[in-house]
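Enquirer: how would this look folded up:
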Amino acid sequence: MSIPSRHPSPPAEMSRRTLLRGAGLLGVGVGFGLTGLLSACGVAAEDAGKGGQGGGTLTLGIDATSAVIDPAFYTSIGDWMAVDCVCRGLTFISFETNEPAPDLAEKWEISEDGLTYAFTLRQGVKFHDGTTLTSADVLASLNRQFDPDDKTLPKGASRPLASVGANVKSLKAVDERTVEMVLKKPDRTVLARLSDIGGRIISKAALDKHGAGIGKNLVGTGPFKFATATAGQSVTLEAFDGFRLGKPPVERLVLRQIQDPSTMVSSLLSGDVSGTQFTPYSAVNQMKQDDSVTVQTTPNGFDAILMIDARRIPELKVRKAINLAIDRAAIVAQAFFGVAEEPAGFAVPPAQNGHDPGLADLSAHDVEQAKQLLQEAGAVGREVALMAPSDTWHPKAAQIIAQNLGDIGLKVKTDSVDPATYFNRLADKDDEFHELMIWERNSYIPDPDNMVGSMASPTSLYGSTITGLDTLDGSGAFADELFEAKNLPDGPERTGAYSKIQRRWAEDYMVLSMLACSTNLVVTGAQVKDLNVKALANHRCFMEHARV
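Expert: Predicted structure coming up:
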C-alpha cells in the first residue's frame, strides 16, 4: 500500500529497478525506428498448469475483504490478492527473480533517450468475458489510473499508478497490438511499476458495461476468474480454462478473511486454510513442530520502521538519541519471535538489490551516547507520544521502544490503534500522537526505489505528511538524487548512490529509524504444493501453479 506498510501506498509511490535489462536481452530496436531494449520473448510463469493432476479448492487466509476487487481501489491486501489472480499486466515480476519479464506484452522497445516505450501485445489472449486483448484494453486500464476524473473510477480510488501517469506525456494505440507510451523524463523503473497491481489490464468491454462498479465485476486475463465476494467474509475465484499459460491445477481459489490470530493458527492446523502470509509470529515455533503444516523459508523483504515527525521533534540530536536508544535485538527476539534480523542495510532489506551491510552503523544501539545527545539538547524529561497499530508485531515493539526511551530520560505516552483506522491517523499531521509512529514498508516492487525512493522523497507521503522531511533545510535535494539513482543500471554504482542517499538521510535528518527487516510469515498445509511463497511473503498472489 504505497503508504508504508502492509498497505500499499497512495498514488505517488511505487517503483522498481533496471529497465534496460527488460526481459534479459539487450538488442537493437525494430518497428518504430526506436533503438534500445527489445525484450526477450520469455513469459511470466510460462509453465503454469502443466504436469500432473489437479482439482480441488485452495483456501488462503487473508486480512480482510471489502468485496471490491479493483486495481485502482485499495481497501485490503486480500482484495488486491484477488486482483493479482484475476488480472495480469504488460510485465510481470515473479519475486523468484526481481527482474521484470514479458507478460501480456510479448516484447517492448525503449528509445535511446529512455522516453518512448513501444509494447507489442501477445496475439489471441482472451479475457474471461471472451473478448480478445487489444491495445484499447490497455489504454482503458492505464488511463483510468492516470486520470482522476475517469468515469470508471469508484469513489475514493487510490490510483496506485498515478505517479507513473504524472510522468506520461502521451499514451496511444499505434495499432491493435501496439501501445506507445512517451514519458516526460526518463524512468528506468517503469517496466517494474507496470507489473504492480495498479498496472493490471481489465477488459474494456467490462469497463464500458460496469463503469465504477467494475470492482464487483472484475474481468481480466488471469488464471482465475471472479465468481463471488462477500464483504467481511471471502472472495471466491474459479480456474479459467482459457488462461494463456494453461488452466490452473486447482478448480477454485477462496480468499477467506480471518482476523483473529488464534483462529488463523487453528485453521492452518485443521486444514481449513491451505496457506497464508498472515501467520502470527508468536506461532512460529508451534507450527515448526507440527507435521500437518510447513513453515516456508522466505527472504526478509520488508522494513519495520519508526517514523519521527520533525515538526514535533525539531532537534536532530533528540531524533538521533531516539534512534540510538532502540534495542533492535529485543525487537527481533520478542516482537518477531526470531523471524527477522537487525537492519544492517538500513532501508533496503536483504531480499532486494541495493542492500548494503555497510550501513549497519546507522542502526546502532548506544544508550550512553543517546543519553548524552538528549542532555546536550536539553530534552531530558520531555514527554513524547508513540503510536502503533494494535496487531501483529507492533504492540510488543511499541512496549520495547517505550521502555528504551524511558531508559534514556524521555517520558513516553503511548496509543494502540485499531489497524483499520491507523492509516488515517498517520495521514493526520495534527493528530495528538503524530510524533513517533511504528509501521512497516512492504515492497510490492522489489527495488530500492520502492523503499528509499518512496520514503526519502520530500514530496512523498512519508517525506511530507508523515515525517515533515520537506520542512527541513536541504531536504529538497533528495528529489534530484533519487531521480538519478533510480535511472542507473543495477550494480555497484546504483547501490552506492542509494547508500549515499540513505547515509545523508539518516545522519543529517533522522526522520526514519529502522527497527528490523522481516518477512510476512508464510505457512502452508503439508500437502499444498507449488505456491510461489516468495511472492506471497510480499503479499503478491501468484497461484497458477498451486496444487492441493
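Enquirer: Show me what the worst-scoring helix or strand of the chain on mean pLDDT is packed up against.
Expert: Lowest by mean pLDDT, DSSP states H and E among the helices and strands of the chain is helix 419-426, with a mean of 88. The helices and strands touching helix 419-426, judged by 3 or more CB pairs under 8 Å, 6 or more residues apart in numbering; DSSP states H and E, are strand 383-389, strand 436-441. For every residue, glycine as well, the C-beta is placed using N, CA and C.
Enquirer: Run the angle between it and strand 436-441 for me.
Expert: On the basis of axes from the mean of the first three to the mean of the last three CA atoms, to 10 degrees, helix 419-426 is oriented at 120 degrees to strand 436-441.
Enquirer: now helix 419-426: how far from the chain's centre is it?
Expert: Its chain's C-alpha centre and that of helix 419-426 lie 18 Å apart, by CA atoms, centre = their mean, to the nearest Å.
Enquirer: and the angle from that helix to strand 383-389?
Expert: 140 degrees.
Enquirer: Next, the buried residues of helix 419-426.
Expert: 419, 422, 423, 425, 426 (16 or more other CB atoms under 10 Å).
Enquirer: now, the most widely separated pair of these?
Expert: Put simply, by CB to CB the two of the buried residues of helix 419-426 set farthest apart are 419 and 426, 11.4 Å from each other.
Enquirer: can you put the buried residues of helix 419-426 in CSV and add distance to residue 229?
Expert: Listed next are the buried residues of helix 419-426 as CSV, based on distance: CB to CB, whole Å:
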residue, distance to residue 229
419, 21
422, 24
423, 22
425, 28
426, 28
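Enquirer: and of those, the nearest to residue 117?
Expert: residue 423 (32.6 Å).
Enquirer: Now do the closest one against residue 190, distance only.
Expert: Distance of residue 423 to residue 190, given as CB to CB, to the nearest Å: 27 Å.
Enquirer: cool, residue 225 as well?
Expert: With distances taken as CB to CB, residue 225 is found 28 Å from residue 190.
Enquirer: more neighbours, those two?
Expert: More crowded of residue 225 and residue 190, by other CB atoms under 10 Å: residue 190, with 25 against 21.
Enquirer: Would you mind confirming that the more buried one is in contact with residue 163?
Expert: No - the pair residue 190 / residue 163 is not scored as a contact, 10.8 Å apart, by CB atoms under 8 Å.
Enquirer: Show me the helices in the stretch 401-548 of the chain, by range?
Expert: Using DSSP state H, counting those that start in this stretch, the helices of the stretch 401-548 of the chain run over 419-426, 448, 454-455, 477-486, 492-508, 533-536.
Enquirer: can these go into TSV with extra columns for distance to residue 465?
Expert: Below are these laid out as TSV (distance: least, CB to CB, whole Å):
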stretch	distance to residue 465
helix 419-426	8
helix 448	22
helix 454-455	12
helix 477-486	16
helix 492-508	17
helix 533-536	30
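Enquirer: wait, which of those is closest to residue 174?
Expert: Judged by CB to CB, the one of those that comes nearest to residue 174 is helix 477-486, at 27.3 Å.
Enquirer: gap between the most centrally placed residue in the chain and residue 298?
Expert: Nearest residue to the geometric centre of the chain (CA atoms, centre = their mean): residue 444, 2.5 Å. In this view, residue 444 and residue 298 are 15 Å apart by CB to CB.
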